[in-house]
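Trainee: sequence first, then the predicted structure:
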Amino acid sequence: MRLIQAGSGVIEIALAAEFTGSCEEELADVIKTSNPAANRLIILDFSGVAFFDNTAINVLVKLHALYAGTGCRFYAVGLSQHYREVLTLTGLDTGFHINSSDSEVIKAARTTDITQAVKPEPRDIQYWAPYVQKLVVTEVPPGAVNLNVNGRRTAGPLQGFGQLWEKTYTLDISEAGLTPSQVIDTVKSNFPALQPAENKFYPAKNGIKPGEIVLINASTPGGLVATAVSVLYAARDTFTFITPQGHPEAGWVTFRSFADRGVTFMQVRGLARASDPIYEAAFRMAGSALQQGIWTHVLESLARLTGVPARVQFTKQCLDRSLHWSRTFNFLRNAQLTSMLYALTHP
């Protein structure tokens, strides 16, 4: 990672060839030492990026949450077509401007130009879901209700209404004697069975692979919620689900297994906001606790399956307490409301 320019109202940073979650602290330090209060334009140059994974999108969301309230504007330049599609699919293009109409603004602000350099071939294409404008369920598994999915777009944290939360659930799975990739394979192949009884997950026939849709029929205190998640990213030791419009949350949840100092962990990390004001109220009253119970149950079920102690550690952090009032009308796609109407007409 390299600072190209700091001053004249602009901070421009060339991102590392491998842009992952491990870059979060370094990126934050570079921006902080560049006096962001005096620089209202933050430009991230993707020209040299060859690997961009599912943990890097968290870095961008956190950066936006940290400085958006200060009046800073964000630009992503030097993007290959692949990375333009990733930012669009995740909704990050609404926070990090990538439109060609902004090019003159950027050009006037810059003292150097490296975006014309030959871009390296991305090494992560196989892990990301292919870009689709709208979701389509091609096959409905037996017993599943397909509702609130077809024709809807994916919705990342920048498309939500409520407070932005990062919630992390971690299980020490060392005693199982499995490698991180074996742990993830176990989670993928047993995912529906790991859920609590009221949470029905219906993976596609192809399983948890990039671009596949997993239907969800959940029984909640408010009744049936028929929705889904789309597999945004899937690699050997990790995968990420992104939510569609109308889902209780706007954002994603990442499942990852890794080794640290000889200890193997399985981790579930969600980064999301409540989709609309109705869901925000529900999360504050009871939904957040119910959600915590679900993911804790999943890791405890995994512990029982693999024969390790079911000790799940949980942490949470509110990254942005503001409400996005411009997203108020998200409630028009509220999956809980449409599911309730469906349940009344389809007993």
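Mentor: Perfect, thanks for sending it.

Trainee: would you confirm that Val61 contacts Arg273?
Mentor: No: taking contacts as Cβ atoms under 8 Å, Val61 lies outside contact range of Arg273: 9.9 Å. C-betas here are computed from N, CA, C, even on glycine.

Trainee: what do these two both touch?
Mentor: Common contacts of Val61 and Arg273 (Cβ atoms under 8 Å, 6 or more residues apart in numbering): Pro157, Leu164.

Trainee: of the two, give the one with the bigger neighbour count.
Mentor: Taking other Cβ atoms under 10 Å, Val61 and Arg273 do not tie; Arg273 has more neighbours (29 against 26).

Trainee: surely that one is in a strand?
Mentor: Yes: counting by DSSP: H, G, I helix; E, B strand; the rest coil, Arg273 is found in a strand.

Trainee: check contacts around it.
Mentor: By Cβ under 8 Å, 6+ apart, Arg273 lies in contact with Pro157, Gly160, Phe161, Gly162, Gln163, Leu164, Trp165, Glu249, Ala250, Gly251, Glu280, His324.

Trainee: ok, the closest residue to it other than its chain neighbours to Ala289 distance?
Mentor: With Cβ to Cβ, 6 or more residues apart in numbering as the criterion, Arg273 has its nearest non-adjacent residue at 3.0 Å, and that residue is Gly160. Remark: distance between Gly160 and Ala289 (Cβ to Cβ, to the nearest Å) = 19 Å.

Trainee: what about the two, which has more around it?
Mentor: A count of neighbours by other Cβ under 10 Å puts Gly160 above the other of Gly160 and Ala289, at 26 against 9.

Trainee: contact partners for the more buried one?
Mentor: Going by Cβ under 8 Å, 6+ apart, Gly160 touches Glu249, Ala250, Gly251, Ala272, Arg273, Ala274, Ser275, His324, Arg327, Asn330.

Trainee: where do the strands sit along the stretch 201-347 of the chain?
Mentor: 213-220, 223-235, 238-244, 249-260, 263-274, 312-320 (DSSP state E, counting those that start in this stretch).

Trainee: number of nearby residues for Glu139?
Mentor: Glu139 has 11 neighbours, counted by other Cβ under 10 Å.

Trainee: what's the distance between it and Ile216?
Mentor: Glu139 is 15 Å from Ile216, where distance means Cβ to Cβ.

Trainee: number of nearby residues for Asp320?
Mentor: Asp320 has 19 neighbours, counted by other Cβ under 10 Å.

Trainee: doesn't Arg123 fall inside a helix?
Mentor: No: under three-state DSSP, Arg123 sits outside any helix and is assigned coil.

Trainee: where in the stretch 201-347 of the chain is pLDDT low?
Mentor: By pLDDT under 70, the stretch 201-347 of the chain has no low-scoring segment.

Trainee: contacting residues for Cys23?
Mentor: For Cys23, the contacting residues are Met1, Leu15, Ala16, Ala56, Val59, by Cβ under 8 Å, 6+ apart.

Trainee: could you give the bridge partners of Arg73?
Mentor: Here Arg73 sits in beta bridges with Leu41, going by DSSP bridges.

Trainee: from His247, how far out is the nearest residue to Glu249 once chain neighbours are set aside?
Mentor: The shortest distance from Glu249 to any non-neighbouring residue, by Cβ to Cβ, 6+ apart, is to Ala272 (3.9 Å). Per Cβ to Cβ, Ala272 is found 9 Å from His247.

Trainee: and the two most separated of the contacts of Cys23?
Mentor: Among the contacts of Cys23, the pair separated by the greatest distance (Cβ to Cβ) is Met1 and Ala56, at 11.9 Å.

Trainee: neighbour-wise, which of the two wins?
Mentor: Just comparing Met1 and Ala56: by other Cβ under 10 Å the higher neighbour count belongs to Ala56, 23 against 15.

Trainee: and Val59, how far from Phe96?
Mentor: 11 Å.

Trainee: with Gln5 instead?
Mentor: Distance of Gln5 to Phe96, computed by Cβ to Cβ: 17 Å.

Trainee: then stretch 161-168 to CSV, C-alphas only?
Mentor: Written as CSV, here are the backbone C-alpha positions of stretch 161-168 (Å, rounded to 0.1, in the frame of the first residue of the first chain):
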residue,chain,number,x,y,z
PHE,A,161,-31.4,1.8,7.3
GLY,A,162,-30.3,1.0,10.8
GLN,A,163,-27.2,1.2,12.9
LEU,A,164,-24.2,-0.6,11.5
TRP,A,165,-23.0,-3.6,13.6
GLU,A,166,-20.1,-6.0,13.3
LYS,A,167,-20.9,-9.2,15.2
THR,A,168,-18.3,-12.0,15.6
